[in-house]
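1. Quick one, structure for this:
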Amino acid sequence: MAKLYFYYASMNAGKSTTLLQADFNYRERGMETMLWTAAIDTRCEQPIASRIGLSANASRFTPGTNLWREATARHAETPLACVLVDEAQFLTATQVWQCARLADEANIPVLCYGLRTDFRGDLFPGSAVLLGIADSLVELKAVCHCGRKATMNLRVDSAGDAVGQGAQTEIGGNERYVAMCRRHFAEELGRYCKSP
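-> Have a look, this model is predicted:
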């Protein structure tokens with residue numbers, strides 16, 4: 001039976017690299033895959049690109065994309081061994097359920113990779129549903145500057161100062177986000193009030 005997987009992490013944990021390695025493993029064995037990423041991120045020429053230089057072409061989803069219809073149509077032409085979704089935090093709740101349906105009814109494994117939380121520490125809508133319904137949850141590890149596991153994404157301005165307000169989604173890389181442990185994230189945003 002196919003499963004719905006959610007691989008989640010902070011920025012710079014290698015989510016795209018891991019997705020591309022999984023895709024390579026399927027294709028090396030002669031199996032067909034379908035790759036998706038969010039249309040909102042247009043920073044790279046190749047839709048899926050990792051910081052270590054790996055990249056691949058992929059279909060781009062918007063909030064109106066019907067992943068069930070697109071994947072099953074492709075599956076009818078050429079059987080899919082796997083569907084891989086990068087930037088899964090940008091999926092809508094409906095799209096996450098479409099991914100679950102692909103696993104449950106079409107028997108196609110769906111591997112989703114994305115951020116768990118935004119720069120305020122709030123869950124992304126797609127991530128919230130994936131955390132609730134995925135068959136398998138896998139945390140990928142990043143490292144804070146202190147050496148502890150980084151689980152948070154601190155947004156910074158052009159001077160490197162912490163940003164605590166703004167739209168949930170602002171596309172950027174290392175120039176806009178810093179992966180941190182919860183302690184340092186909270187300290188940067190002044191979340192911990194000092195008691196006398």
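2. Remind me which helix or strand the most centrally placed residue in the chain belongs to.
-> Centroid check for the chain by Cα atoms, centre = their mean gives Gly114 as the closest residue, at 1.3 Å. Using DSSP states H and E, Gly114 sits in strand 110-115.
3. Kindly spell out which helices and strands sit in contact with that strand.
-> strand 4-9, helix 15-28, strand 80-85, helix 93-104, helix 125-133 (3 or more Cβ pairs under 8 Å, 6 or more residues apart in numbering; DSSP states H and E). (C-beta placed from N, C-alpha, C; glycine too.)
4. Off-centre distance for stretch 103-122?
-> 7 Å (Cα atoms, centre = their mean, to the nearest Å).
5. CA atoms of it as CSV?
-> Taking C-alpha atoms only, stretch 103-122 is exported to CSV below (Å, rounded to 0.1, in the frame of the first residue of the first chain):
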residue,chain,number,x,y,z
ALA,A,103,-1.6,7.3,-2.1
ASP,A,104,-4.9,5.7,-1.0
GLU,A,105,-6.8,5.2,-4.3
ALA,A,106,-4.2,5.4,-7.1
ASN,A,107,-1.6,3.5,-5.0
ILE,A,108,1.1,6.0,-5.8
PRO,A,109,3.5,7.0,-3.0
VAL,A,110,3.6,10.8,-2.5
LEU,A,111,6.7,12.3,-0.8
CYS,A,112,6.2,15.9,0.3
TYR,A,113,9.1,18.1,1.5
GLY,A,114,8.7,21.5,3.2
LEU,A,115,8.9,23.8,6.1
ARG,A,116,6.9,23.1,9.2
THR,A,117,6.7,26.7,10.4
ASP,A,118,7.1,30.2,9.2
PHE,A,119,9.2,33.1,10.5
ARG,A,120,6.9,33.7,13.4
GLY,A,121,6.8,30.0,14.5
ASP,A,122,3.3,29.5,13.1
